[in-house]
Structures are given as structure tokens and as C-alpha cells.
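Novice: just to be clear, the model below is a prediction. Sequence and coordinates:
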Amino acid sequence: MAGESQGKDVVALGTAHGQKAADKLVKAADQPAVRKSLKADKKAPPPAPRSVADIQADIESTRDNLVQTVSQLQVAVKEAVSPKRIISVQVTKVKNFYVDEYGGIRPERVAGTVGVVVSIVVVRRVGRRIFGKKKD
């Protein structure tokens, strides 16, 4: 069965890869700074047991903070996505496209836009004459 042998090969490969990763972790943990840190963690006293009332108080506090954060996000999103603000930003972008940093008009951009508009009008009129609608 070819499928079984392939599966075993994959498991063996995964195990070998896992072994390499484990070896690297052992080497890293063998360094003096890491050993000292691990010893310090072992000496730390266990946290004091918490009562049900303490846990419930923490949950309520967290819930209140979450409600406040969500409310702040809703206000921020409403301000950022309001139609007036979007229009204002887009108008500013268009103005900045046609005006340089000194407040002067950029003639090359105005000329380019005028050229595009005139080209569109000409193509539409020529298209109507060639393919277009006959007025009776």
C-alpha cells in the first residue's frame, strides 16, 4: 500500500524535524542567562488563590472596559466614514493634484485633463456619426 508508506514517511520526516527543533531548544536553554532565568521562575511563589468574588469583579471590570472601548471605536468609525468627511478628503485630493505646494496651478496637469476630456467628446461624436443614431 503506497499510501501507508507515504504516510509513515511524512510522520518520520515530521518527527525528525521535531527532534531538530527540540535539540535547538535544549541548546538554547543550556545557555547561562537562560538557565538563570529558568531558576528564577522556579523560585517565584505561586500566585495566591483567588476567590470567586475576585474573579467575578475582574470579569465585570474587563467587560466595562470592553464596552467603553467598543463605544469609542464606534464613534471613531462614524467620524472617519461620514459622507461629509469622505467628500472633503476627495475634494482636497483633487485640489492638491492641480495645485502645487506654493499655491500655483500646475498647467501640465490641467492641460492633460482638458486633453482627455476633449478626446472623449471627439471620440463620442465621431462614433455617433459613423455608427450612430440617425435622427429622422
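Specialist: Now that the structure is in, tell me what you want to look at.
Novice: any idea how far residue 83 lies from residue 93?
Specialist: In this structure, residue 83 lies at 16 Å from residue 93, with C-beta to C-beta, to the nearest Å as the measure. Using the backbone N, CA and C atoms, a C-beta is placed for each residue, glycine as well.
Novice: where do the helices sit along the chain?
Specialist: With DSSP state H as the criterion, the chain has helices at 2-29, 32-43, 52-80, 83-98, 107-131.
Novice: so for the first one, mean pLDDT?
Specialist: Pointing back at helix 2-29 there. Averaged over helix 2-29, pLDDT sits at 52.
Novice: could you report the neighbour count for residue 80?
Specialist: Here the count is done by other C-beta atoms under 10 Å, and residue 80 has 10 residues near it.
Novice: same check, this time on residue 106
Specialist: Count around residue 106 with other C-beta under 10 Å applied: 13.
Novice: neighbours around the residue lying closest to it once chain neighbours are set aside, how many?
Specialist: Closest residue to residue 106 in three dimensions, ignoring its sequence neighbours and counting by C-beta to C-beta, 6 or more residues apart in numbering: residue 100, at 5.4 Å. For residue 100, the count of nearby residues is 10 (other C-beta under 10 Å).
Novice: and what of residue 99?
Specialist: By the other C-beta under 10 Å criterion, the neighbourhood of residue 99 contains 13 residues.
Novice: dump the residue contacts of it.
Specialist: Remark: with contacts taken as C-beta atoms under 8 Å, 6 or more residues apart in numbering, residue 99 is in contact with 105-106.
Novice: pLDDT wise, what is it at?
Specialist: Model confidence at residue 99 (pLDDT) stands at 94.
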